[in-house]
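A.B. asks: need the 3D shape of this:
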Amino acid sequence: MVLKPKRHCTTASWDSTKKALSMIVFDLRCNNGHTFEGWFEDSAAFDSQQAGGLLACPVCGSTAVAKALSAVAIRTSSRNLPASQGEDHGKMIQLLNKIADYVETHFDNVGSDFAKEALKIHYGVAQPRSIRGVSSTAEEKMLTDEGVPFLKLPLPVRPDPDPGSSQTND
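C.D. replies: Modelled structure (predicted):
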């Protein structure tokens, strides 16, 4: 799914599986020269979405989208990094944790009713508020088709404070 820049994103999506998220981010460029970012499960997901014409430029709507060269690389481990890069990695992890804390604190968790609640808010049936939850690919496509702004966030997995507990973290 391509992240489209939005001025007022009040919704977020949350991974309910509580497994480590593995996302790959590509810089993309349309045939009109607009550059934007796309987040994918893996390279094959990008290829599949590109072949299916599911990728579109958020500026002009062109579906002639290809990977662009990217100057950024994110490593999964700080081992063997120069000290300054290791510090930057630690700062990035701290920032991700701050974002996760903010979302957990300030967004209502609507769980699997995310798409339904987002539509209610979009059409004025429910009070506007920041929500988070989970949605299927089909629900995300429907929200996009309806013009509902949302942002899918790959947030860090929190360790379970009580491993013997059957409760899950929000």
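
A.B. asks: skipping its backbone neighbours, what lies nearest Gln49 in space?
C.D. replies: Once flanking residues are discounted, Gln49 sits nearest to Leu55: 5.3 Å by C-beta to C-beta, 6 or more residues apart in numbering. Every residue, glycine included, has its C-beta placed from N, CA and C.

A.B. asks: kindly apply the preceding question to Glu139 instead.
C.D. replies: Ala115 (3.8 Å).

A.B. asks: I'd assumed Val134 was in contact with the one you found.
C.D. replies: No: the criterion here is C-beta atoms under 8 Å, and Ala115 misses it with Val134 at 9.2 Å.

A.B. asks: between those two, tell me which one has more neighbours.
C.D. replies: Ala115 (23 against 17; other C-beta atoms under 10 Å).

A.B. asks: what packs against the helix or strand hosting that one?
C.D. replies: Ala115 belongs to helix 114-122 when elements are defined using DSSP states H and E. If contacts are counted by 3 or more C-beta pairs under 8 Å, 6 or more residues apart in numbering; DSSP states H and E, helix 114-122 sits against strand 11-13, strand 131-133, helix 137-146.

A.B. asks: next, format those as CSV and append distance to Asn32, mean neighbour count and mean pLDDT.
C.D. replies: Converted to CSV, those look like this (distance: least, C-beta to C-beta, whole Å; neighbours: other C-beta atoms under 10 Å; pLDDT from 0 to 100):
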stretch, distance to Asn32, mean neighbour count, mean pLDDT
strand 11-13, 28, 23, 41
strand 131-133, 34, 23, 90
helix 137-146, 20, 14, 91
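
A.B. asks: of all those, which one is nearest Gly61?
C.D. replies: helix 137-146 (12.2 Å; C-beta to C-beta).

A.B. asks: how about the helices and strands packed on helix 114-122 in JSON lines, adding distance to Thr63?
C.D. replies: Output for those, formatted as JSON lines (distance: least, C-beta to C-beta, whole Å):
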{"stretch": "strand 11-13", "distance to Thr63": "23"}
{"stretch": "strand 131-133", "distance to Thr63": "29"}
{"stretch": "helix 137-146", "distance to Thr63": "14"}
